Every structure is written in structure tokens, then in C-alpha cells.
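# Following is a predicted model, sequence given first.
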Amino acid sequence: MKRVASGVLPVIAVERKISKPLHRQIYDSYRAAIANGSLRPGQRIPSTRVLASEIGVSRFPVLNAYAQLLAEGYLESRVGAGTVVTSSLPEQLTTSAPAREKDAPAGCGPRPVARRCSDLRSEAFPWTMNYGAFRVGQVAFDQFPMQIWSKLVARHCRNTDRELAHYGRLMGSEPLRQAIANYLKTARSVRCEAEQVLIVNGSQQAIDISARLLLNPGSRVWIEEPGYRLARDVFALNGCEPIPIPVDTEGLDVTAGIKRCRKAQAAFVTPSHQFPLGVTMSASRRMQLVEWAQHAGAWIIEDDYDSEYRYESLPIASLQGLDSNSRVIYVGTFSKVLFPSLRLGYMVIPPDLVDQFWRMRRVMDLGQPTFYQEVIADFISEGHFARHIRRMRVLYGELRRELVDALGKSFKDTLQVVGDEAGMHLTVLLQDGHRDEGIAERAIRQNLSIWPLSSCYLDKARQGFVLGFGGTTVKGIPGAVRKLRGLIEVR
């Protein structure tokens, strides 16, 4: 027999010293809860015996109140489910309290007070809400070793202790921080120890913490043009002034940045795999950027979001590894190499700033949940992580080749493909006369999720698309490319 969940007890204030009868007080409380949406259609309410016991009255006023609510259509009885809020509410509930106040005579009641909030102009674009082909950041989740992951989760469920149920360490789980430090030193040439690693809720939070702690309102920040829009929004929300610096085939143009704003307080870069153009910052540009930061007393925030996946060469060493003056904040994430819903990332902090970042994290959210940190620590230390990366590098390499071939066959020389040597996306540039945002909006109806390149610019935008291939299949790519060609050919 299916078990029915017990009813939710609404807030019912019973006053015995007033003249209003108890059953009427109970009736009014339920009616108000239904009218304002606190109790929703189909939601079960407590039995008369349970409610009477909870509010300390006899069952008679509760029975009378329920009878009245049933008679007026606010409640209904269901066999095997008890008493629930009716699925079709009475007509008198369609008139809301705000509407009644609107009809009140002018001059009655208090004057409205202005509602204040930050003027954040970050837009939610429709193409970011669609999970069709070419969605940027989508991983091949069906290839994730879920059986191994499930065993690790089950192991920690069986062997859990009370520490996992309490607030975790503000810097993160010690086993995970050690595993990350070992991995970064070997695979990414990052200079770090476990004590410098801070576990965060994805790279977005890492950027936010860095902006809050290292910058002040009015601080000027170099950002890549084109670049990662959400990072730009984080700096703007913290009162900083984003300064767009052009990106060419060698990455961020440091010379152009110095000419435009020599005294910027920070630079946000994606040097190993620039987003969205996919280029790799050259060694000379890296050294030039580190030298500028040292002389200007500026910070470099390095977002290393998917550098594990390179197809024409070995992974590129981190920018942080070249920095001998502790001016680089290194940011990484598990969203691309495992899956995004984990909401786990990490940052490597200069040793002299660890205490300040610890204090900032304490103010913000008291740290990440410990359970999955322990699972990931085992996933890394037992070798599953490295094997998964190798397997996915082969798979994504195959998807990338298929996508490049399909684009070449369908578009010939009418599209220029850039940034296809690494990562989980590539970029195509449109010829003059096309508007990428309009095409992206129409693509949603074709179950395509294509990111307009123009949305990544602050100034003069180029038209094109950022195409993710992590969530597609080899067999599905040719058909998706044909759909894209049809959308581009229709002006």
C-alpha cells in the first residue's frame, strides 16, 4: 500500500482571550494560508486529531472549522489521502489583496516606499536555457563512470561519521585539497601546497571572492575582448570597471592593455584556452603579463576551466607556474571534467593571502558541503579521475574532428573555424550580413543551442557562434550542422 505523506501544519494563532470562537480562528487561518499560496492545491493537511493536539484545543472546534472549509470548497476529502486543499479554488480567491488595495480611495493608507536593489544588468539569454546540440559547457555525462562513482558514494554513506553532518572546514576537505594540489603540481605545473587550495562553489564564486577581497569599487580590470560575460558581470557587480583588451592569435594583447589602462588593478584571463576564441596565450605574452602585474602591483586571475583537453599537443602549463612574485590567483573547476551539478571548484591562493581569503569565505557562506568533497578526493586519489580524463580526451577529440569535418563539408569556405585545438567548444565566424543573435533564437526551435559570439563583446562585436560538442554524439553532429546551415541560409 502506498504511504501518504503526513499533512503540513500551517501557522495557526489561537487566542483564547478574544471573543472570536476557536473554530472561526482556525477557519480564518486556513483560509488565509490557502489564499496567499502557503497551502497549495492538492497539499495534504493534518488530521483533526493531530491539529487539535498540536495547537492544544479539543477536536470539536477543529471539526467545525474543517466542516466549514469543506462546505465552502477550500478543502476536499480523498479516499486513502485524507483531507487536502481543493484542486479548483473558490472564485473569491481570484481577487487578490493587492487588487483590493488598488481599488481603495486615493489618499488612503500609507504611501509606498521605493524598493532598492543593485542595478545588475546581467541578462538571461534564451540560448543558455536550451539543452540542444552544441550547448556550451555540456559534458558527455553518459560516458561518466557512474558505477565507480556510485560505489564511492555508497562507501561514504556506510562509513560516514558525525563530522560530515557538521559545518565543514572553511578552506575545504583536507583530503580533497591535498589531492588537488598533487594533481595541479603534476599536470598543470602550478606552484602550490594543499594549504593554498580553497574549495569553492564553482569558478564563478572564485572570481567573486577574488573581486571582493582584492579590488575596490572603481577598480579597473582588464578583461578579454571577446571574453567570458559572467566574469565581466561579477566585476561590474562589485563596482569595478571592466576594461576590454583585444585578443588575437597569441591571446590577450598585453601591449594594447598597457596603452589603454596601464594602472589597472587586475587582469582576468583564460590563457590556456581562451574563451570564446579558443586560442592559447603565447609564452612571450605570458611573461609580459606577469611582468606588467609585478610592476603595476596588479593581480592576475587565471581561469583554467578546461585545459585538460588538448588534441594537437600536450596540455599547456599554467600561467601561475611562471609567476615568482605571487600575483596570480589560479581558478579551476570540476564542472567540465566531471559534471556541472557538483558545483565544486577550487582556487590556489598566494601563501600570504590565505588568511584573508579564509576570513572572506567565513563571511560569505561557511564553506562547501563535505560529503561530495570526500567522494571526489577518493575519485582522484584512486586513479579514476586520471583515467576518466584520458577517456574523455579521446572522445572529445573524435567529436571535435567530426564537427570540423561536417562544418567544412556543409559550409565550404563560407565559415571560418577558430579555436579547435583544445577544450570542449570551437568558434565559427560568420560573413558580413548575418546577425548571430537572431539565428541563435531561431535555432532553439530546431533543438540547437548555439551561443552568439557577439554576446561576448563589450565594444565592436564580431558575428559568429560558439559551438560546444561535449554533449553531442558523432552520429548526431552531421544532422545538427545541416540544421545550422539551413538557419544561416535563411536571412
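Arrived safely, thanks for sending.

# Now for the closest residue to residue 275 other than its chain neighbours: which residues touch it?
Leaving aside its chain neighbours, residue 275 sits nearest to residue 228 (5.0 Å; criterion: C-beta to C-beta, 6 or more residues apart in numbering). Every residue, glycine included, has its C-beta placed from N, CA and C. By C-beta atoms under 8 Å, 6 or more residues apart in numbering, residue 228 lies in contact with 268, 270, 275-276, 303, 456.

# mind redoing it with 7 Å?
Contacts here follow C-beta atoms under 7 Å, 6 or more residues apart in numbering; on that basis residue 228 touches 270, 275, 303.

# Likewise for residue 428?
Residue 428 neighbours (C-beta under 7 Å, 6+ apart): 407, 415-417, 464-465, 467.

# and with 6 Å instead?
415, 417, 464-465 (C-beta atoms under 6 Å, 6 or more residues apart in numbering).

# Same check on residue 192?
With C-beta under 6 Å, 6+ apart, residue 192 has these contacts: 181, 184, 348.

# Any stretches of the stretch 51-200 of the chain with poor pLDDT?
Scanning the stretch 51-200 of the chain for pLDDT under 70 picks out the ranges 89-112, 114-124, 127-128.

# ok, which stretches of it are helices?
Taking DSSP state H, counting those that start in this stretch as the test, the helices found in the stretch 51-200 of the chain are 59-71, 97-102, 146-158, 174-187.

# Restrict the third one to CA atoms and write it as CSV.
Below are the C-alpha coordinates for helix 146-158, written out as CSV (Å, rounded to 0.1, in the frame of the first residue of the first chain):
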residue,chain,number,x,y,z
MET,A,146,28.7,6.3,-12.7
GLN,A,147,29.2,2.7,-11.4
ILE,A,148,32.5,3.6,-9.8
TRP,A,149,31.1,6.9,-8.6
SER,A,150,28.1,5.2,-7.0
LYS,A,151,30.4,2.7,-5.2
LEU,A,152,32.4,5.6,-3.7
VAL,A,153,29.2,7.4,-2.7
ALA,A,154,27.9,4.2,-1.1
ARG,A,155,31.2,3.7,0.7
HIS,A,156,31.0,7.1,2.3
CYS,A,157,27.3,6.6,3.2
ARG,A,158,28.2,3.4,5.1
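
# Tell me the pLDDT of residue 36.
Turning to residue 36, the model gives it a pLDDT of 82.

# Would you list the buried entries among the contacts of residue 428?
Neighbour counting with 16 or more other C-beta atoms under 10 Å marks 415, 417, 464-465 as buried within these.

# Please tabulate those residues in TSV, including the columns pLDDT and secondary structure.
Below are the buried ones among the contacts of residue 428 laid out as TSV (pLDDT from 0 to 100; DSSP: H, G, I helix; E, B strand; the rest coil):
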residue	pLDDT	secondary structure
415	86	coil
417	92	strand
464	93	strand
465	94	strand
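
# how deep is residue 146 tucked in, by neighbour count?
The number of residues packed near residue 146 is 12, by other C-beta atoms under 10 Å.

# and the gap between it and residue 11?
Taking C-beta to C-beta, to the nearest Å as the measure, residue 146 and residue 11 are separated by 42 Å.

# Quick check: buried residues in stretch 280-295?
By neighbour count on 16+ other C-beta under 10 Å, the buried set for stretch 280-295 is 280-281, 285-286, 288-290, 292-293.

# What confidence value was assigned to residue 384?
In this model, residue 384 carries a pLDDT of 96.

# how about the nearest residue to residue 331, chain neighbours excluded?
The shortest distance from residue 331 to any non-neighbouring residue, by C-beta to C-beta, 6+ apart, is to residue 206 (4.4 Å).

# Give me the number of neighbouring residues for the residue nearest to residue 352 when sequence neighbours are not counted.
Nearest residue to residue 352, sequence neighbours excluded (C-beta to C-beta, 6+ apart): residue 326, at 6.8 Å. By other C-beta under 10 Å, 16 other residues sit near residue 326.

# Mind pulling up the pLDDT for residue 326?
So, for residue 326, pLDDT stands at 93.

# Next: residue 484.
The model's pLDDT for residue 484 equals 92.
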